[in-house]
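Asks: structure, please.
(one chain, ligands or ions: 1)
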Amino acid sequence: MSRRIAVLVSGRGSNLQALLDAIEAGTLSADLVGVFSDRPDAPALQKVPEALRWSADAKSFPDRLAFDKTLADAVAASRPDWVICAGYMRILGDDFIARFRGRLINIHPSLLPKYRGLRTHARALAAGDLEHGASVHFVVPELDAGTVIAQVVIPIFPGDTPESLSERLLSSEHALLTACAALAASGRLTERDGHPLCDGQPLLKPLTLDSSGNLSPPP
Ligand code: GRF
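Replies: The predicted structure follows:
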């Protein structure tokens, strides 16, 4: 049975494109049921047919609650099994998260719990880290604090800048997100009391993405 996925975006949509490519290639068995944005001008929206697009300008709502309720109703109307934040840059309120909890995941460009929030590449460089990466995690009310499902690690090279690091990480992000979406869509990933389970077994540590693009338990 193909799972229904809804994707939340705010910007250029390269992660969304990776999901679309994976569906097209047959490596992600899922139906995309909608792409939702807080920015009507987000380039990501143009990647899907109009019938799949939903957007509203968050700034035109009286408060976060009002926008989130409208967004949540629109997402719920698409009857998703999973909601994937793929470059969605607006903080989701508690009510939204509660409504989709356990089937709401986000990709974040850092090796969580390091560097929640913004400017992750610059912060990894400033700290003198030798490695950087990305994490896919369940979304909880605290920003970028949900349990991590899987990570990808890349080296930091001498001379890296925030821009070079971000650019080099991006293709690994795409591979990580599509692998996690495939895991979710296959029905193998679930959540219980805030903890991820894979094949019914608790994930005590995040899975890692290997160089072949497969997720495996850490060594
Ligand atoms: C990605 O780096 C993602 O991890 C972060 O925002 C960026 C979005 O890129 N949250 P795109 O819109 O998917 O190209």
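Asks: can you mark which positions in the host helix or strand of P196 are buried?
Replies: Element membership of P196 [criterion: DSSP states H and E] is strand 195-198. Residues 196, 198 are the ones in strand 195-198 that count as buried (16 or more other CB atoms under 10 Å). For every residue, glycine as well, the C-beta is placed using N, CA and C.
Asks: what's the answer for stretch 2-14, then?
Replies: By neighbour count on 16+ other CB under 10 Å, the buried set for stretch 2-14 is 3-11, 13-14.
Asks: dump those to a markdown table, plus distance to V148, secondary structure and pLDDT.
Replies: A markdown table is the format used below for the buried residues of stretch 2-14 (distance: CB to CB, whole Å; DSSP: H, G, I helix; E, B strand; the rest coil; pLDDT from 0 to 100):
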| residue | distance to V148 | secondary structure | pLDDT |
| --- | --- | --- | --- |
| R3 | 21 | strand | 94 |
| R4 | 24 | strand | 98 |
| I5 | 20 | strand | 98 |
| A6 | 21 | strand | 98 |
| V7 | 20 | strand | 98 |
| L8 | 19 | strand | 98 |
| V9 | 21 | strand | 98 |
| S10 | 22 | coil | 97 |
| G11 | 23 | coil | 96 |
| G13 | 23 | coil | 98 |
| S14 | 21 | helix | 98 |
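Asks: pretty sure T178 contacts S29?
Replies: No - proximity of T178 to S29 does not meet the contact threshold set by CB atoms under 8 Å, at 11.5 Å.
Asks: more crowded one of these two?
Replies: A direct count of neighbours by other CB atoms under 10 Å for T178 and S29 places T178 higher, at 22 against 14.
Asks: the one helix or strand the more buried one maps to versus strand 3-9: what angle between them?
Replies: Assigned by DSSP H and E, T178 falls within helix 162-185. Interaxial angle, helix 162-185 versus strand 3-9 (axes from the mean of the first three to the mean of the last three CA atoms, to 10 degrees): 160 degrees.
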